[in-house]
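Enquirer: Have a look; sequence and predicted model below, questions after that.
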Amino acid sequence: MSTNPLPRVAILDDYQGVALSSTDWSPLKGKVVVDVFRDTLLDEDALVQRLEPYDIVCAMRERTKFFRPVLDRLPKLKFIATTGLRNAGIDVAYAKTKGIVVSGTGGAGNATLEHIWALLLATVRYIVVEDANVKAGNPQWQSTMPMGLAGKTLGLVGVGRLGSQTAAIAKAFGMKVVGWSPHLTPERAEAAGVEFVSSKAQLFKESDVISIQLVLSASTTGIITRADLFSMKPTAFFINTSRGPLVDEKALVDVLNEERIAGAGLDVFDIEPLPLDHPLRRAKRVTLSPHSGYLSDTNYAAFWSQTVGNIVAFLEGNPTNVIHP
């Protein structure tokens, strides 16, 4: 009988406490010891202290970051199982030099597309404002005037797969859809079913609703500037379900508090979870959701079932779905 302790697995950032109930973990029974953590530790020392005993870490998207300083301090770590096919919060190239394998998963359903439209509609129709008024017993039965989408212009910053799907739904509402991105061409725009605009400045000045559908990278960080935000129509709305650092967050707070635009719907932020004292929590004209754009029971079932499969494969010495630098 072996005296070697079983490998230890840490499931991180399981905010809703659903990782173990989202799929069948029995294939790992007797092979590992699993611990679940429902909070995110932003302090590096506290994170390292928590993870020192673990051979395997399950990362939920980019909630906990695994960059060089953390990886250097976790000599026991041998495998990171992340949800999603890419994770900008993991230095995959450096992990490889440390002998750490990183595997990812696919997903299922249309959670992000659904959330884009849930947030957009909630924002332009002031659902949160009116919900609060009704529940607070406000005697003023109606207090806002929603924007009708028919005939309005939706400006997409980023016209990939998700942008194309967003455009298709916008057309069902009778909207005109225009698009811009650093590498968008008229041909690609036409294929995606959107009208090409030649400059970001034109898109921000002409759109009634702007939705960001860009991947965060070194070249796109801060791509939405103060000048862009302050050039929007005073009746326009700004929606971001992609990544917080794409946008000058300080400028966004200013444009909202100065009431320079009609409102914003935000699902992503520079720091997540959003600090309790963050000015966006107190900003005017903003609807916030806690980076839940990819959340759904369907997606989580796919995430966690494939995570279990990836851990089994790693323990058997044949890693699957490996993410390469």
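Expert: Arrived safely, thanks for sending. Numbers count the residues shown, from 1 in each chain.
Enquirer: Looking at the spatially closest residue to Lys233 that is not a sequence neighbour now. What's its pLDDT?
Expert: Excluding its sequence neighbours, the residue lying closest to Lys233 (C-beta to C-beta, 6 or more residues apart in numbering) is Asp208, at 6.8 Å. Backbone N, C-alpha and C define where each C-beta goes, glycine included. For Asp208, the pLDDT comes out at 98.
Enquirer: And Asp208, how close does it get to His324?
Expert: Using C-beta to C-beta, to the nearest Å, we find Asp208 at a distance of 42 Å from His324.
Enquirer: neighbour count winner among the two?
Expert: Ranked by neighbour count (other C-beta atoms under 10 Å), Asp208 and His324 place Asp208 first, with 21 against 7.
Enquirer: wait, what's in contact with the residue nearest to Lys233?
Expert: Asp208 makes contact with Met147, Lys152, Thr153, Leu154, Lys233, Thr235, Ala236, Phe237, according to C-beta atoms under 8 Å, 6 or more residues apart in numbering.
Enquirer: filter those residues to the buried ones?
Expert: Neighbour counting with 16 or more other C-beta atoms under 10 Å marks Met147, Lys152, Thr153, Leu154, Lys233, Ala236, Phe237 as buried within the contacts of Asp208.
Enquirer: just the residues you listed now: which is nearest Leu41?
Expert: Phe237 (34.6 Å; C-beta to C-beta).
Enquirer: helix, strand or coil for the nearest residue in space to Val255 that is not next to it in sequence?
Expert: Nearest-residue entry for Val255: Leu229, 4.6 Å, with adjacent residues in sequence omitted and distances by C-beta to C-beta, 6+ apart. Secondary structure for Leu229, judged by DSSP: H, G, I helix; E, B strand; the rest coil, is helix.
Enquirer: Pull the contacting residues for Leu229.
Expert: Phe204, Phe238, Val247, Asp248, Ala251, Leu252, Val255, Arg260, Ile261.
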